[in-house]
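Participant: Output the structure for:
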Amino acid sequence: GIDAMRDRIVFSGHSEFAYLASVHTSVWGARRDYETVAQPSHPFARSKPPGQLALYIVAADLAERLPWPDQMGSQGAIVNARHRRLDNFAALFFPPISLLVLLPLFGLARRLVPPERALWPLLLYVLVPQTVLVTLHLDQVVYPLLVATTLWCVARAATARRWPLWWAAAGACTWLGLFVSFSLLPSLLVVPFVFWTAATARDRAQLRRLALGLAAAAAAFLALQGLAHLLIGYDLHRAYARCLLNHRQWKHFSAADRGLAIRLDLSEFGYWTGLELIALLLAAAGVELWGWARCPRQPQRLLALGVVVMIGATAILGDTLAEVARLWIFMVPLVVLVAADALAK
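Facilitator: Okay, the predicted model is just below:
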């Protein structure tokens, strides 16, 4: 059954990364010369920054160190032994790696929901269809982990004594996430909502702490970007412009598609995530908005509103038509976090 298990990494569009990782064996070289590696004939590679391919090369290097049976897998699309080992590694290990998101999600839940219900979001997460059906894509394997880890650092920064260090860690995680994929940008909209929900006090002093924390995160982000520019010549602006241009030319998205994209994307995400969870999310957002409007001096827990803002802004401003079961999977940890709290209430 191994051939069926690794079907997505051999024949899907993202199999392009596995192929490139099998012929480019140096993480350093692939990152430094990424604009040359990602040729126009590689549309998927041109739609991502260098970190995406770097993770596949690291996975291929790990696969090389494991003892595989000689006849494990026989797909005709395999180009060399390194390619076969990587495909086998992905089929066997990418699914359990995708569950590492449960660790930072648990850390988030302990700070954002009553502790006796901290395991509820984890249970809901593994029951959401796309977390187990969108297989062997980094969208499933590491995107939720990167976003949840960043937001966990933000939640820790809200109450920790050494909060500047936690904000710096959040900035570093943000840089790493955007080095892997620019599609994680919408998750930044939730940062102030997570901080405000996790904070023990909600006053002007806390607002100043939030502003200083964002500055510390930005400093860490810029420091890593400067280091990457010096070491591998990584130009963030050039990479973003290339990804955006490639996406628009490839998908032929136009302003006329905007209305259809909003309706289709939201309905697809709701269907795949589960209408019950989306109903709980919307109910929680409505309750929090109503409570905040009635008691402005005692702000409610605004996390649900932040998640709705993130999803809505992505649907309205993004240039994507469909495929959001995969592309928006990084939002699922936040959806189940809110839904679990709302379910208890």
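
Participant: any idea where the helices of the stretch 101-250 of the chain begin and end?
Facilitator: 102-112, 120-127, 130-133, 138-141, 143-157, 163-180, 191-198, 204-232, 236-251 (DSSP state H, counting those that start in this stretch).

Participant: Identify each buried residue in stretch 281-288, please.
Facilitator: Leu281, Leu282, Ala283, Ala284, Ala285, Glu288 (16 or more other Cβ atoms under 10 Å). Bear in mind the C-beta positions are built from the backbone N, C-alpha and C, glycine included.

Participant: Which of those fall in helices?
Facilitator: The helices, defined by DSSP state H, take in Leu281, Leu282, Ala283, Ala284, Ala285, Glu288 from these.

Participant: burial of the closest residue in space to Arg117 that isn't next to it in sequence, as a residue count?
Facilitator: Nearest non-adjacent residue to Arg117, counting by Cβ to Cβ, 6 or more residues apart in numbering: Ala344, 5.5 Å away. Using other Cβ atoms under 10 Å, Ala344 has 11 neighbouring residues.

Participant: go on, Asn246?
Facilitator: The burial count for Asn246: 19, using other Cβ under 10 Å.

Participant: That one and Ser41 touch, don't they?
Facilitator: No. Counting by Cβ atoms under 8 Å, Asn246 stays clear of Ser41, with 11.9 Å between them.

Participant: so where's this structure uncertain?
Facilitator: Counting by pLDDT under 70, the ranges of the chain that qualify are 74, 292-293, 295-300.

Participant: do you know how far the most centrally placed residue in the chain is from Arg204?
Facilitator: Closest to where the C-alpha atoms of the chain average out (Cα atoms, centre = their mean) is Tyr143, at 2.9 Å. In this view, Tyr143 and Arg204 are 35 Å apart by Cβ to Cβ, to the nearest Å.

Participant: How about Leu321?
Facilitator: From Leu321 to Arg204 the distance is 43 Å (Cβ to Cβ).

Participant: Look at those two and report which has more neighbours.
Facilitator: Leu321 (18 against 8).

Participant: Please report how far the more buried one lies from Leu224.
Facilitator: 33 Å.

Participant: Repeat that for Gly291.
Facilitator: 39 Å.

Participant: Kindly report the same for Leu165.
Facilitator: Applying Cβ to Cβ, the value for Leu165 to Leu224 is 15 Å.

Participant: One more: Val154?
Facilitator: 17 Å.

Participant: Have a look at those two and say which one is more surrounded.
Facilitator: Set Val154 next to Leu224 and count neighbours by other Cβ under 10 Å: Val154 wins out with 31 against 17.

Participant: and Leu66, helix, strand or coil?
Facilitator: At Leu66 the chain is in coil, as set by DSSP: H, G, I helix; E, B strand; the rest coil.

Participant: That one is in contact with Leu92, isn't it?
Facilitator: No. Assessed by Cβ under 8 Å, Leu66 is found out of contact with Leu92, at 9.3 Å.

Participant: Please say which of the two ends up with more neighbours.
Facilitator: Leu92 (16 against 11).

Participant: burial of the nearest residue to the more buried one once chain neighbours are set aside, as a residue count?
Facilitator: With sequence-adjacent residues excluded and distances taken as Cβ to Cβ, 6+ apart, Leu92 is closest to Met5, at 7.6 Å. Met5 has 18 neighbours, counted by other Cβ under 10 Å.

Participant: can you check the one 4 residues further on too?
Facilitator: Taking other Cβ under 10 Å as the neighbour definition, Ile9 ends up with a count of 26.

Participant: who's in contact with it?
Facilitator: Ser15, Ala18, Leu86, Asp87, Ala90, Ala91, Phe94, Leu136 (Cβ atoms under 8 Å, 6 or more residues apart in numbering).
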